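# Next input, structure requested:
(chains A and B)
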Amino acid sequence: MLKYALSLFAALAIIPIVGIGIADNKGAPPAIVWEKTLEDAIAKAKTTGKSILLDFFAPT
Amino acid sequence: MGTVTYPDSAVINYISKNFIPLQINIQTNAEIAGIYRVFWTPTILVLDFNGTEYYHFNGFLPPDEFIPQLEFGLGTMALEKQDYKTATIQLKSVIDKYTRSDIAPQAQYWLGVSEYKDAHNVEALLNAWRKLKKDYPDSIWAKKVSFVK
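Have a look, this model is predicted:
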């Protein structure tokens, strides 16, 4: 019972901290969502009116 | 880039707000790399919504230099498209928000050009270039305007 109560207490303490982290991100995704093809990127850019950031990379 | 710059929350926010991000593997997309004349990685390009290139740079940059480069790229694009009001806003933003970034002197140079082109105001051009000489005296961009009194 004590173990259960401590777990509940810990969860209640953590939830607000996680909430603050999410609030600070202001709706942005947690990571960059990359398009994979130029055609898809151009189609989305035309729809949104945004410019395209193109990153050429080589896998390491 | 993938371990330092792209996971940075400010970079994620900036790119998500301003760009459609596209990542291309140069080893498996030689044709597209050829179209954009890319021979080294990382190479970062700023394209308009038609896929036309307006700005590019090579090599790793940390977040505090990467974001100003992208902002400058948007300013350069607006300038080349002769959208001088947008160009002025973007280039001012580079100077005001990222004053000590390495791209700031170049932004100050082109801000003068944008203000001149917008209103044919020679004094605005000269004032911007005088500020360039004063604020960034050691940059090559200050040398480009060293003839200005």
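
# What mean pLDDT does stretch B:13-22 get?
For stretch B:13-22, mean pLDDT is 98.

# buried ones in that stretch?
Neighbour-count burial for stretch B:13-22, counted by 16 or more other C-beta atoms under 10 Å in any protein chain shown, picks out B:13-16, B:18-22. C-beta coordinates here come from the backbone N, C-alpha and C atoms, glycine included.

# What of stretch B:119-131?
Buried-residue list, stretch B:119-131, by 16+ other C-beta under 10 Å: B:124-125, B:128-129.

# Report the rounded mean pLDDT for that stretch.
Mean pLDDT, stretch B:119-131: 97.

# and what of stretch A:46-55?
According to the model, stretch A:46-55 has a mean pLDDT of 98.

# what about that stretch, near chain B?
Yes: Stretch A:46-55 reaches chain B (C-beta under 8 Å from any C-beta of the partner chain) through A:46, A:48-55.

# tell me the pLDDT at residue 41?
Using chain A here. 98.

# wait, chain B
97.

# ok, now A:Pro29?
On the pLDDT scale, A:Pro29 gets 81.

# Settle this for me: it is touching B:Asn13, isn't it.
No: between A:Pro29 and B:Asn13 there is no contact under C-beta atoms under 8 Å: 9.3 Å.

# ok, back up a step: would you mind listing which of the residues of stretch A:46-55 next to chain B are buried?
Among the residues of stretch A:46-55 next to chain B, those classed as buried by 16+ other C-beta under 10 Å are A:50-55.

# For those residues, could you give me TSV that also reports distance to B:Ala87 and secondary structure?
Formatted as TSV, these follow (distance: C-beta to C-beta, whole Å; DSSP: H, G, I helix; E, B strand; the rest coil):
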residue	distance to B:Ala87	secondary structure
A:Lys50	17	coil
A:Ser51	13	strand
A:Ile52	18	strand
A:Leu53	18	strand
A:Leu54	21	strand
A:Asp55	24	strand
